[in-house]
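**Student:** kindly return the folded structure for what I paste below:
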Amino acid sequence: MKKILFTAFTANVALGATPLFAQADPLTDIIVIGQRDTATTDQVESDKEIVSTPDAAALVARAPGAALIDNGGLSGQVQYRGLFGDHILVRVDGQRFSSGGPNLMDPPLHYAPMALVDRIEVDRGISPVRKGPGIGGGVNAVLKQAQFSDGATLQPQADLTAGYRSGDNSYLLGGLASLSSERVKLGIIASYEKGEDLQFPGGTIASSSFERLSVGAHAGLKVGDGSLTLSYRRQETDPTGNPPFPMDIQFVNTDFLNLSYEGQIRDGLYLELDAGHVAVRHLMDNFSWRQGPVSTMDQRATYADADTSTAAVSLRIGTADRHVRIGADVETTDKDARITNPSNDAFFLTSLSNISGSRVGAFVESRLGFGPVEAEVGARFDHHQMGASSPQLGSAVPMGPRILADAFTASDRSWSDNTVDVTARFWSEIGNIKPRLSFAYKTRVANALERFSWLPTGASGGLADGNIYVGDLNLDNEKAWIAEIGFDYQDSRFYARPTLFYRRIDDFIQGVPFDDTPGIIDNPVDMVANMNGDSTPLRFANVDAEFYGADLDFGWHIGGPLHLDGTASYVRAKRRDIDDNLYRIAPPNARLAVSWQEKAWHLGAELQAYAEQNKVSATNSEQPSDGYFLAGLFGHVALTSTLSIDASVENLFNKHYTDHLAGYNRVSGSDVALGARLPGSGRSAFIRLRWTDM
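**Tutor:** Numbering: from 1, shown residues only. Okay, here's the model as predicted:
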């Protein structure tokens, strides 16, 4: 598994130890992975972290309660307190969009190359209603952008990064170059990453290499007391392996366009406008990048498209810390997936057939206070619509899929419903302690795959459990009751932020046996699934679930330049309707780092501990995993005011281990057995050179 390298996450956690960090406040600027800017949002700054992989999800995974679902070098998903995939509201530069692949090979953070990431904003536990629907927290990757300067003439700015990792012989180049004045800013961003197959103690993980290019431009103009920004970005992911999936990426070509305005239109009125479009074009296959099927009859190539258009308006009435905010947003999506056999033009079928969807929402949110208690409360209403066209099939498609396609065509393929979300968060300053309390009622509607996937395939929305799935037109909306309680403590030498949380989710969507006779082929779905190698298919269905646990991050200024920092996370996730656990849940884990910090450099070591995970899903045929310990080293040197070097060593003792959240190998001819959980990286060194003049 491509994991984040052992990070200098103590680079900004010193409690006044040296002049460099003398102004740091562990309640506003200090957490394990970056800076926290409010009581409800954490902020991860890319220049404070040494991230060896190109996957931005690995950076978020350092947060307490978070973990990395590793589905390939560029396909990682964020798990937060047990939830992942569409349950997490993930955006890039504030823009919501639909991923292209039915197996989520291009999750949202796929579009945030680390060389271009300025910071990542992580909602603490609950995402506010102004950001849109989202049942399991929120993440926003903010890319590097030109900043307005103080002068009247255009001044150059730059933020450039180069890096190399030995574990997969990978490298990255990229950054920002711009010109700006007090009224105008012009910028270009670009990055390129390429890596070979990942090495582990005992061999190589076949089909784990990657390649990605991103280029973009943006322009900003001061308009009165506000600013108008137009941006365009093109990302081209070239052949990239996905060992946990039955196919690899051949390409993902994506265009982003966004126009936004924000500013004060008069005293006490702050306006935000935003409009954007994202177009994804995706090809995956099972033979170009891995050892393919013996017979050309079994070769498959799937073309998938996704187009998302969004628009939003928000008006804040009042001041930054005492206001009412009202707003509305709209989102439309079009998705399609077409399975082909490149050796037979007559074999094709649309497994997702022209899925169209729309959401229109409105919200009201208030920031207020009751004596010493601060609060943020909000509610939103959304109207959803989705529909699908009749499947298209070539003449070479056999009878089984034809029977299912006819049944799907004859069904009611339109759906609409309304949802309501409500959130309430409270906190207060009581000396060195800031208690926190949050409640929410959140909803999620089924995605296109869960509702409209009429053909039994291995597409599972990134679950990568090896099962074959089919959708259900009659799925109900997920409904979550959420509560969390915790506090932030800080004194001159120590800080800690423990949190307890609970989520009760009714009508949680997950796979269940297709019928009451699993393994007996007595219907067309069983027949087609068996032809595809699985005699016990699953269907997406509504079940009842609950998630509960605790997480913590802390830091201690031991004395002089010596610091100790760490995180700990525990989550329990299980079904309430039957005696079973939920699938792919992170085991209890902790990280501990000790560092020696001087003004212009620091050095440190980190220990990671992961418990065994034997609370696994029988429904998903999940395998248990063993616990393990890992050690690593990290360091940072500021050579000049603009030039710095970061370095680290991952898996210092070259230990063979398997992360419970790694997928199962689906690639023949690898040094990893078919069906075995993918191992983590062996010992690997990483170095990053960064030059910034902003």
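**Student:** CA atoms for contacts and neighbours, from now on please.
**Tutor:** Fine.
**Student:** where is the longest strand in this structure?
**Tutor:** strand 344-370 (DSSP state E).
**Student:** for that strand, buried residues please.
**Tutor:** 347-368 (16 or more other Cα atoms under 10 Å).
**Student:** cool, and stretch 453-472?
**Tutor:** Going by neighbour count (16+ other Cα under 10 Å), the buried part of stretch 453-472 is 453-472.
**Student:** among those, name the ones in strands.
**Tutor:** Tyr469, Val470.
**Student:** sorry, back to before: elements contacting the longest strand of the chain?
**Tutor:** Secondary-structure packing of strand 344-370 (3 or more Cα pairs under 8 Å, 6 or more residues apart in numbering; DSSP states H and E): strand 323-341, strand 373-387, helix 448-452.
**Student:** helix, strand or coil for Ala57?
**Tutor:** helix (DSSP: H, G, I helix; E, B strand; the rest coil).
**Student:** so what's the residue count around it?
**Tutor:** By other Cα atoms under 10 Å, 31 other residues sit near Ala57.
**Student:** what residues sit buried inside the helix or strand hosting Gly632?
**Tutor:** Assigned by DSSP states H and E, Gly632 belongs to strand 628-638. Within strand 628-638, the residues that qualify as buried are Tyr628, Leu630, Ala631, Gly632, Leu633, Phe634, Gly635, His636, Val637, counting by 16+ other Cα under 10 Å.
**Student:** next, format those residues as JSON lines and append pLDDT and distance to Pro524.
**Tutor:** Putting these into JSON lines (pLDDT from 0 to 100; distance: Cα to Cα, whole Å) gives the following:
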{"residue": "Tyr628", "pLDDT": "98", "distance to Pro524": "44"}
{"residue": "Leu630", "pLDDT": "96", "distance to Pro524": "48"}
{"residue": "Ala631", "pLDDT": "97", "distance to Pro524": "51"}
{"residue": "Gly632", "pLDDT": "95", "distance to Pro524": "52"}
{"residue": "Leu633", "pLDDT": "96", "distance to Pro524": "55"}
{"residue": "Phe634", "pLDDT": "95", "distance to Pro524": "56"}
{"residue": "Gly635", "pLDDT": "95", "distance to Pro524": "59"}
{"residue": "His636", "pLDDT": "95", "distance to Pro524": "60"}
{"residue": "Val637", "pLDDT": "96", "distance to Pro524": "63"}
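**Student:** could you dump those residues into a markdown table and include distance to His218?
**Tutor:** Shown next, in a markdown table, are these (distance: Cα to Cα, whole Å):
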| residue | distance to His218 |
| --- | --- |
| Tyr628 | 45 |
| Leu630 | 42 |
| Ala631 | 41 |
| Gly632 | 39 |
| Leu633 | 38 |
| Phe634 | 35 |
| Gly635 | 34 |
| His636 | 31 |
| Val637 | 32 |
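**Student:** need the residues that contact stretch 202-212.
**Tutor:** If you take Cα atoms under 8 Å, 6 or more residues apart in numbering as the criterion, stretch 202-212 is touched by 72-74, 168, 191-199, 235-243, 248, 289-290, 656, 667, 669-672, 678.
**Student:** so what would you say the end-to-end distance of it is?
**Tutor:** Start-to-end span of stretch 202-212 (Cα to Cα, to the nearest Å) is 28 Å.
**Student:** and it, how far out from the chain's middle?
**Tutor:** Distance of stretch 202-212 from the chain centroid (Cα atoms, centre = their mean, to the nearest Å) equals 21 Å.
**Student:** kindly report the same for stretch 126-140.
**Tutor:** 13 Å.
**Student:** what's the first helix or strand after whichever strand or helix holds Phe508?
**Tutor:** According to DSSP H and E, Phe508 maps onto strand 499-513. Downstream of strand 499-513, the next assigned helix or strand under DSSP H and E is helix 524-531.
**Student:** how about that following helix: buried residues?
**Tutor:** For helix 524-531, the neighbour count (16+ other Cα under 10 Å) marks Pro524, Val525, Asp526, Met527, Val528, Ala529, Asn530 as buried.
**Student:** quick one: the third one and Pro537 touch, right?
**Tutor:** Yes: the pair Asp526 and Pro537 passes the contact test of Cα atoms under 8 Å, sitting 6.7 Å apart.
**Student:** which secondary structure element of the protein has the lowest mean pLDDT?
**Tutor:** Ranking every helix and strand in the chain by mean pLDDT, DSSP states H and E puts strand 35-36 at the bottom, with a mean of 40.
**Student:** for Arg233, give the beta-bridge partners.
**Tutor:** Counting by DSSP bridges, Arg233 forms beta bridges with Gly216, Phe256.
**Student:** and the closest residue to Leu562 other than its chain neighbours, how far is that from Phe634?
**Tutor:** Of all residues not flanking Leu562 in the chain, Trp596 sits nearest, at 4.7 Å (Cα to Cα, 6 or more residues apart in numbering). With distances taken as Cα to Cα, Trp596 is found 11 Å from Phe634.
**Student:** name the nearest residue to Pro498, ignoring sequence neighbours.
**Tutor:** Leu552 (4.2 Å).
**Student:** which element is the one you found on?
**Tutor:** Using DSSP H and E, the element containing Leu552 is strand 538-559.
**Student:** what pLDDT, on average, does the helix or strand just after that strand get?
**Tutor:** Once the chain leaves strand 538-559, the next helix or strand it forms, by DSSP H and E, is strand 562-575. Mean pLDDT, computed over strand 562-575, is 97.
**Student:** can you pull out the helices in the stretch 51-200 of the chain?
**Tutor:** 56-60 (DSSP state H, counting those that start in this stretch).
**Student:** point out where it drops to low pLDDT.
**Tutor:** The model of the stretch 51-200 of the chain has pLDDT under 70 over residues 51.
**Student:** again, only using 50
**Tutor:** Across the stretch 51-200 of the chain, not a single residue meets the criterion (pLDDT under 50).
**Student:** same check, this time on the chain
**Tutor:** 1-37.
**Student:** scan it for its longest helix.
**Tutor:** Using DSSP state H to define each element, the chain has its longest helix at helix 399-410.
**Student:** and that helix, which residues are buried?
**Tutor:** Using 16+ other Cα under 10 Å as the test for burial, helix 399-410 gives Gly400, Pro401, Arg402, Leu404, Ala405, Phe408.
**Student:** using a markdown table, please lay out these together with distance to Ala440.
**Tutor:** Shown next, in a markdown table, are the buried residues of helix 399-410 (distance: Cα to Cα, whole Å):
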| residue | distance to Ala440 |
| --- | --- |
| Gly400 | 45 |
| Pro401 | 43 |
| Arg402 | 44 |
| Leu404 | 40 |
| Ala405 | 40 |
| Phe408 | 37 |
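**Student:** re earlier: compute the inter-axis angle for the longest strand of the chain and strand 323-341.
**Tutor:** 170 degrees (axes from the mean of the first three to the mean of the last three Cα atoms, to 10 degrees).
**Student:** one step back: so what touches the longest helix of the chain?
**Tutor:** Here helix 399-410 makes contact (Cα under 8 Å, 6+ apart) with Ser389, Ser390, Pro391, Leu393, Trp454, Leu455, Pro524, Val525, Met527, Val528.
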